[in-house]
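S.K.: Attaching a predicted model along with its sequence, questions to come.
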Amino acid sequence: MKISVKLTIILLSVSFCITASLSFVFFKQSEKIIINKTFEVCNNLALNLSTVAREELLLNSTYEGSLGVIRKLRSSKNPSLLSAYVFNKYGVYVVDMEDKRKGRKLAEKELQYYKDIKQANISYIQNEVKDIIRFEFPVYLDGKDQTSLRLGFVVFEYDRELLYESISRFKEYIYILSFALFVAIIIISWVVSRFFTKNISLLTEGAKIVGEGNLDEEIRIRSRDEIGELARNFNLMTKRLQIADKQKKALLESYSRFVPIEFLDYLDRESVVDIVLGDQIELDMSILFSDIRSFTTISEKMTADETFKFINSYLEAMEPQVQKNNGFVDKYIGDAIMALFKDSNNAIDAAINMLDELYHFNQRREQRGEITIKIGIGIHTGKLILGVVGSSLRVQGTVISDAVNLASRLEGLTKMYGAALLVSEDSLKFLQNKDKYQYRMIDKVVVKGRENPVDVYEILNGNSQRIIDLKLSTIGDFVSGLLLSRERNFEDAVQLFTQVLEKDPMDKAAKLHLERCQYYAKHGVPPDWEGTAVMTEK
């Protein structure tokens, strides 16, 4: 419930209670005043009547004097006066304004009631028709001396409703006035509450806007009361929040250089501060490993400063190729890059873009008189666990999986086969549009650390068009030779690989298979040989 509504209700409640209380007190006081005034009038009449009736009661005469006073009362035409009468000490009515009771005697119970009354009294009685107020005045031989002989009573009876008629009319006026006042109070209360809560509403709206992240909001309240002070402190708080937010963003940007934002997304964490040791998730992803060929030899010719500048310029050129293909760099291992992708299409596209960018990178180095470099890239697709490892003192995001090891081994095989980009069969079979890639089967190998063989393919995209055309022109002989060698038909395989090398003498993979087939043709194969190459080195 809004404060303005609460304040209105409170003001209305207070006003209602005050108005009702004052009206109640006024009504009661009005009744009391009317009763007292009537009593005073009756008392004066009773004194006059008693003076006349005292002697008549004492002598039990004709009561002409008392009757004359009573008749004057009757002629006064007071509608609220129902009756006036006098009865003696024996309870016999001697004078009656209506001439109905004269000569009759009070009931024994009523007579006993009057015997107990020593002084002027007011009583309330009710008959079948009306509520009656009765003013009862004892008549004593010696005026007001209650110790003297009591001669009788003078009684006046009034219709209570008619007696209070003026109050009833006044009550109606009061009700109308109270209703009008109540409506006025509602309007005034609402206006007052809106006036006092307008600034509170501004503060509320400002807090809501700031809560939604807009820290530029400023509350413009110029009042000099507590709300104005609160508004000034609110604006001061938002300015400090702006400074803290800038510091936070700068800090998170710095953290994001160490912990990729994609890593947080996969772990369903909003920021690096939410990471908890042991957070992990199992995913199917494509892993890309790339490495600079002969980096150790290259770095030996550089100073430490030159080495770092070289590595950073290389990584600066490579990382955007990963990002624009919906991947992210998990870690840098010296000059090596490990990147993760949701699928193999993005991973292979990123690798091809890296090879294209490497061409431009080398052109810039040649223009500066620097040596050019070559890289090898390996890609494998499979299940992995992405999570946080470490201790209570230091944590690190990492990826754990045999798939990661295989991707790293494939990158290492690029040197042996003279290929720029090697992928596993698992990566190739998940491609959605294989036709846009040129590739060839390169071998079936058992890499170090694994027992099961894996078919390895060379992606030709990313090489120069001359190399692509050469390898595509020999792909038939190359693949046939590879299949023949697996069937232990080494002589025919030698012939096919020789034909490949005649067209493309620089095909390192063909040369490797030729030498292997020549060796097996001459020396034979091991008993457990299944047409695979077993790698004993990384």
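M.R.: Ah, there it is.

S.K.: The stretch 1-150 of the chain: strands as residue ranges?
M.R.: Applying DSSP state E, counting those that start in this stretch to the stretch 1-150 of the chain gives strands spanning 81-88, 93-96, 121-126, 131-140, 150-159.

S.K.: Now do the buried residues in the following helix or strand past the last one.
M.R.: Which is strand 150-159. Sequence-wise, the next helix or strand downstream of strand 150-159 (DSSP states H and E) is helix 160-163. Neighbour counts using 16 or more other Cβ atoms under 10 Å place 160, 163 of helix 160-163 among the buried residues. For the C-beta atoms, the positions are set from N, CA and C on the backbone; glycine is no exception.

S.K.: which residues are contacting helix 160-163?
M.R.: Here helix 160-163 makes contact (Cβ atoms under 8 Å, 6 or more residues apart in numbering) with 34, 38, 79-80, 124, 130-133, 168.

S.K.: of all those residues, which two lie farthest apart?
M.R.: Pro79 and Tyr124 (18.9 Å; Cβ to Cβ).

S.K.: Next, work out how far apart Ala107 and Arg409 are.
M.R.: 127 Å (Cβ to Cβ, to the nearest Å).

S.K.: any idea whether Ile188 is helix, strand or coil?
M.R.: helix (DSSP: H, G, I helix; E, B strand; the rest coil).

S.K.: what's the neighbour count on it?
M.R.: Neighbours of Ile188 under the rule other Cβ atoms under 10 Å: 15.

S.K.: hang on, the earlier thing: could I get the strands of the stretch 1-150 of the chain as a markdown table with mean neighbour count and distance to Ile227?
M.R.: Below are the strands of the stretch 1-150 of the chain laid out as a markdown table (neighbours: other Cβ atoms under 10 Å; distance: least, Cβ to Cβ, whole Å):
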| stretch | mean neighbour count | distance to Ile227 |
| --- | --- | --- |
| strand 81-88 | 23 | 64 |
| strand 93-96 | 22 | 76 |
| strand 121-126 | 12 | 57 |
| strand 131-140 | 20 | 57 |
| strand 150-159 | 22 | 60 |
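
S.K.: Ser424 is nearest to which of those strands?
M.R.: strand 131-140 (108.8 Å).

S.K.: And the closest one, what does it pack against?
M.R.: Other elements packing on strand 131-140 under the criterion 3 or more Cβ pairs under 8 Å, 6 or more residues apart in numbering; DSSP states H and E are helix 3-59, strand 121-126, strand 150-159, helix 160-163.

S.K.: what's the offset of the first one from the middle of its chain?
M.R.: This points to helix 3-59. Centre-to-centre, helix 3-59 and its host chain are 60 Å apart (Cα atoms, centre = their mean, to the nearest Å).

S.K.: angle of it against strand 121-126?
M.R.: Going by axes from the mean of the first three to the mean of the last three Cα atoms, to 10 degrees, helix 3-59 is angled at 110 degrees with respect to strand 121-126.

S.K.: So for Ala107 and Arg409, which sits in the more crowded spot?
M.R.: Arg409 (25 against 10).

S.K.: Am I right that the more buried one is in contact with Ser424?
M.R.: No: the pair Arg409 and Ser424 fails to qualify as a contact (Cβ atoms under 8 Å) at a distance of 9.7 Å.

S.K.: What does the pLDDT read for Ser427?
M.R.: Note for Ser427: predicted pLDDT of 93.

S.K.: I figured it was touching Ala403, is that so?
M.R.: No: Ser427 lies out of contact with Ala403 (Cβ under 8 Å); the separation is 9.9 Å.

S.K.: list the residues that contact both of the two?
M.R.: With Cβ under 8 Å, 6+ apart, Ser427 and Ala403 have common neighbours 380-381.

S.K.: Between the two, which is the more surrounded one?
M.R.: Neighbours were counted for Ser427 and for Ala403 using other Cβ under 10 Å; Ser427 has more, 28 against 22.

S.K.: Report the contact partners of the more buried one.
M.R.: Contacts for Ser427 (Cβ under 8 Å, 6+ apart) come out as 286, 344, 347-348, 379-381.

S.K.: just those now: which is nearest Asp435?
M.R.: Minimum separation from Asp435 among the contacts of Ser427 (Cβ to Cβ) is found for Ile348, which lies at 13.2 Å.

S.K.: okay, now that closest one: neighbour count?
M.R.: 28.

S.K.: what about the closest residue to Gln495 other than its chain neighbours, is that helix, strand or coil?
M.R.: What sits nearest to Gln495 in space, not counting adjacent residues and going by Cβ to Cβ, 6 or more residues apart in numbering, is Gly481, at 8.0 Å. Classification of Gly481 by three-state DSSP places it in helix.

S.K.: Could you check how far Gly481 is from Phe16?
M.R.: From Gly481 to Phe16 the distance is 104 Å (Cβ to Cβ).

S.K.: Which of the two has more residues huddled nearby?
M.R.: More crowded of Gly481 and Phe16, by other Cβ under 10 Å: Gly481, with 26 against 14.

S.K.: just checking, the more buried one touches Phe490?
M.R.: No: applying Cβ under 8 Å as the test, Gly481 and Phe490 come out as separate, 9.7 Å apart.

S.K.: Can you check which residues contact both of these two?
M.R.: Counting by Cβ under 8 Å, 6+ apart, the shared contacts of Gly481 and Phe490 are Cys517.

S.K.: the helices in the stretch 101-250 of the chain, which residues?
M.R.: 108-115, 160-163, 165-211, 226-258 (DSSP state H, counting those that start in this stretch).

S.K.: what's the next secondary structure element after the last one?
M.R.: Sequence-wise, the next helix or strand beyond helix 226-258 is helix 261-266, with elements assigned using DSSP H and E.

S.K.: Beyond that next one, next helix or strand please.
M.R.: Taking DSSP H and E, what comes next after helix 261-266 is strand 280-292.

S.K.: What residues does the closest residue to Arg74 other than its chain neighbours make contact with?
M.R.: Of all residues not flanking Arg74 in the chain, Met97 sits nearest, at 5.2 Å (Cβ to Cβ, 6+ apart). Counting by Cβ under 8 Å, 6+ apart, Met97 makes contact with 70-71, 73-74, 83-85.

S.K.: again with Tyr457
M.R.: Residues near Tyr457 by Cβ under 8 Å, 6+ apart: 422-425, 428, 439-442.

S.K.: Beyond the host helix or strand of it, next helix or strand please.
M.R.: Assessed by DSSP H and E, Tyr457 sits inside strand 454-459. Following strand 454-459 in sequence order, the next helix or strand is helix 465-473 (DSSP H and E).

S.K.: that older thread, just checking: what are the partner strands of the strand holding Tyr457?
M.R.: If you go by DSSP bridges, strand 454-459 pairs up with strand 421-424 (antiparallel), strand 439-446 (antiparallel).

S.K.: residue contacts, Glu262?
M.R.: 328, 340.

S.K.: how about 6 Å then?
M.R.: Phe328 (Cβ atoms under 6 Å, 6 or more residues apart in numbering).

S.K.: still on that earlier bit, now the strand holding Tyr457, how far from the centre of its chain.
M.R.: Mean C-alpha position of strand 454-459 versus that of the full chain (Cα atoms, centre = their mean) differs by 52 Å.

S.K.: what angle do that strand and helix 465-473 make?
M.R.: Using the same axes, to 10 degrees: strand 454-459 against helix 465-473 is 130 degrees.

S.K.: Show me which residues of strand 454-459 are buried.
M.R.: Residues of strand 454-459 classed as buried: 454-459 (neighbour count, 16+ other Cβ under 10 Å).

S.K.: With distance to Val322 and pLDDT added, can I get these in JSON lines?
M.R.: JSON lines is the format used below for the buried residues of strand 454-459 (distance: Cβ to Cβ, whole Å; pLDDT from 0 to 100):
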{"residue": "Val454", "distance to Val322": "24", "pLDDT": "92"}
{"residue": "Asp455", "distance to Val322": "25", "pLDDT": "93"}
{"residue": "Val456", "distance to Val322": "22", "pLDDT": "95"}
{"residue": "Tyr457", "distance to Val322": "21", "pLDDT": "96"}
{"residue": "Glu458", "distance to Val322": "21", "pLDDT": "96"}
{"residue": "Ile459", "distance to Val322": "16", "pLDDT": "96"}
